[in-house]
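Chemist: need a structure here:
(chains A and B)
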Amino acid sequence: MRKTLLSGLCGALVLGTASLAGAADKPESIDIGITAFLSGPASVFGDPAKAGAEMIIEQMNAEGGIGGVPLNATFIDEGAGGEALLSEYRRLVQDEDVDAMFASISSGNCNKIAPLAEDLKVMNFMWDCGTQRIFEENDYRYVFRTQGNATPEMLASVLYLLKTHPEFKTIAVVNQDYAWGRDSWNMFITALKALKPDVEVVAEFFPKFGSPDFSTEISRLQALRPDVIVSTSWGGDLDTFVRQAAQRGLTNTSVLVLPLVESSLERLGKSLPPGHIVGTRGDHYFLHPDKRDDADFKAFVEAFKEKTGAYPIYPVFHVSQALAALKAAYEKAIEANGGEWPSREQVIDAMAGLTFQGLGREVRIRDDNQGVEDQLLGTTIHTDDYDFAVLDNMMMFKGDEVITPVGEESIEWLSGLQPGFVEEVTVENFSH
Amino acid sequence: MNAQLVALAIFDGVAYAALVFMVAVGLTLIFGVMRILNVAHGSFYAIGAYLTVTLVGGVIAAGFSPWLAYPLLFVAAALVGLVVGGPIEKYLLKRIYVKEEALQLLVTFAVFMILEDVQRILWGTQPYFQADALQLLGNIQVFGVYYTAYQLILLPVVAVLVLIGLRLFLRRTLTGKLILAVTEDREAATSIGIDADKVFLVTFVVGATLGAFGGALASATTSVLPGMGADMIVLSFAVAATAGLGQIEGAAIAALLIGLGRSFALYLMPELEVLVPYLIMLLVLLVRPEGLFGTAKTRKI
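Modeler: Below you'll find the model as predicted:
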């Protein structure tokens, strides 16, 4: 408690001096800190995101930065563990006096950082984490999320499943045994039961995080033959599960619903067969149906592939949105300030109702600081152009139709949905 | 639970046990002879897997037959044993045999951490997958469920061969007998002219090779990625402790017990799956603190 008080006090002091320095002084640079997993299993997200952020910042700076001020980013490794992360976070905010923080990939880390950011009075963009709880359980002034959250991601997956496979009866789940695996399944099944009350859950598996082998789960699932198997797993766990399932023919008898598999498509190659459902955690896809012919988008995708050897995946697009939000907020604040450089508090004020566009569709920050982001899903097909599965039969759901309304709690809202919603919801269709 | 499900659970349990045994037996061999609990054994497993993926991937990319994947499993394992295991024993562990056990544990843990970073430098953080060895053997249908022949037949057969081979090596060859003699009584063995240093080196290389071989075999079935060594060392330690440290045949039984326990748990109470290996270990150690097959040591003066 004393620590919190003390850090709050320090934060206030830092902020005090910053404001005293005068709102009109243009700084030499806008400094930001970005937390990302650069070690551990989740570095499958952090490494590409860091590479993407560096490329985008370089380009932004080449084009004059934000209001003529260049951007300067420092990265913190989330893989170093909770305590190390928080102390590094404090150090950047209090000692280095950064202008904004982007944190973080892990929902657990977001839960810890959101109150800290509020204490330190530093603008924090939750640039990738999915937990819907943060803004449902607390009000924040300094914390924003520059993308959707788990609720629209799960609901859109359920809607896509019901639209494409209306006849299915039985379902099973294989999720990682940690907060995300449990929470996402809870949301998925709550929405599914509301929209299709006669669905039958035949098996629920939560193998431990980082499990190297799913053979037993796969045998069991082959004996049970569920119509649909959901897995919100990611990284090595998801890759292993999909490959082992495909090797043993489970993918021939059940449809897989994989809300995070966009981030594994290229690694999985053609071992992810056609006909399975792919989620993109928003509208994130290197062949985005709106943008695949857009010259800037194509140039970025190619440059990214050139630099890292892989196509960009959703964390790269997420970090692009956080950077776009930062730029939009500063520009809006500068305008509101009559062209003068804004104070940090003025930038925070500018976040209200802000719209911005990274490498996806436009995102809007709503009243509870949550971003509203459209959701893209598709079904895998194999083509000659890529040596991995790509998306066909794509559907884009409108962000504000599939997200929990401000002030409501997700599970409650999802369980109150009516089966007719599947037909009412707005859908845009795209092909490969 | 009907007969069909029991059979399925047994198949899964045996395949899993085969892989765990391969790693645990190396760990237990090293402990039996050198009385050192080698945490870095997990690194041999991981590096064995990484090296196999690289070698097999490279050979296939160069246009050679994917059947070469099988000999390459041995090549990768032997390379890890000799090039990684050998120097660790010769230049590091040798200096600490006389030190306290806690220190030995910390040193091998440090080696493990260093090797984790070495893997990250060499192979990065993205998962690898190289399953040609597994795909070549195709699938087998049992009770309407498809198994890969690699997991259902090859892994258990290899595990049994390793067990028999190791037994013959220790009982029938000169080197094996020397190892047993040093294990039994190091001082007496040294006094009749056995080069204990050499015996330790050979044992460590063999143990490390077995760990790496486990990784090589596992690489075709799973994603090879950072952290895989840590999981395996914990599990194989549970197997070795359940069996009684130093017990080779016991490790096979304990691996089977844990493998079957885990797969039956998945059918009956999936929530218990992760706990099962440790519950079994706990139960065994409560009743027999020296492990299933361990013998209480009389302290020599």
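
Chemist: Tell me what the residue nearest to A:Val427 when sequence neighbours are not counted is bridged to.
Modeler: Excluding the flanking residues, the one nearest A:Val427 by C-beta to C-beta, 6 or more residues apart in numbering or on different chains is A:Met395, at 5.0 Å. For glycine as for every other residue, the C-beta is placed from the backbone atoms N, C-alpha and C. Bridge pairing for A:Met395 (DSSP bridges) gives the partners A:Leu377, A:Asn429.

Chemist: count of neighbours near A:Met395?
Modeler: Per other C-beta atoms under 10 Å in any protein chain shown, the neighbour tally for A:Met395 reads 20.

Chemist: That one and A:Asp374 touch, don't they?
Modeler: No: counting by C-beta atoms under 8 Å, A:Met395 does not reach A:Asp374; the two are 10.3 Å apart.

Chemist: Enumerate every residue touching residue 225.
Modeler: Since you didn't name a chain, this refers to chain A. Neighbouring residues of A:Arg225 by C-beta atoms under 8 Å, 6 or more residues apart in numbering or on different chains: A:170, A:253-254.

Chemist: wrong one, I was asking about chain B
Modeler: A:41, A:235-236, B:125-128.

Chemist: now do B:Met113
Modeler: Here B:Met113 is in contact with no residue (C-beta under 8 Å, 6+ apart).

Chemist: The helix or strand where it lies: which residues count as buried?
Modeler: B:Met113 belongs to helix B:101-123 when assigned by DSSP states H and E. Under the neighbour-count criterion of 16 or more other C-beta atoms under 10 Å in any protein chain shown, helix B:101-123 has B:104, B:107-109, B:111-112, B:115-116, B:119, B:123 buried.

Chemist: would you turn the residues you listed into CSV with distance to A:Arg225 and pLDDT?
Modeler: Formatted as CSV, the buried residues of helix B:101-123 follow (distance: C-beta to C-beta, whole Å; pLDDT from 0 to 100):
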residue, distance to A:Arg225, pLDDT
B:Gln104, 51, 91
B:Val107, 51, 94
B:Thr108, 46, 94
B:Phe109, 45, 95
B:Val111, 47, 95
B:Phe112, 42, 95
B:Leu115, 43, 95
B:Glu116, 40, 91
B:Gln119, 39, 92
B:Trp123, 38, 91
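
Chemist: thinking again about what came up before, out of the contacts of A:Arg225, which is nearest to A:Leu162?
Modeler: The closest of the contacts of A:Arg225 to A:Leu162 turns out to be A:Thr170 (C-beta to C-beta; 14.3 Å).

Chemist: now that closest one: how far from B:Gly144?
Modeler: Counting by C-beta to C-beta, to the nearest Å, the separation of A:Thr170 from B:Gly144 is 16 Å.

Chemist: Have a look at these two and say which one is more surrounded.
Modeler: A:Thr170 (16 against 11).

Chemist: where does the nearest residue to that one once chain neighbours are set aside land in three-state SS?
Modeler: Nearest residue to A:Thr170 in three dimensions, chain neighbours excluded: A:Pro226, at 4.4 Å (C-beta to C-beta, 6+ apart). Three-state assignment for A:Pro226 (DSSP: H, G, I helix; E, B strand; the rest coil): coil.
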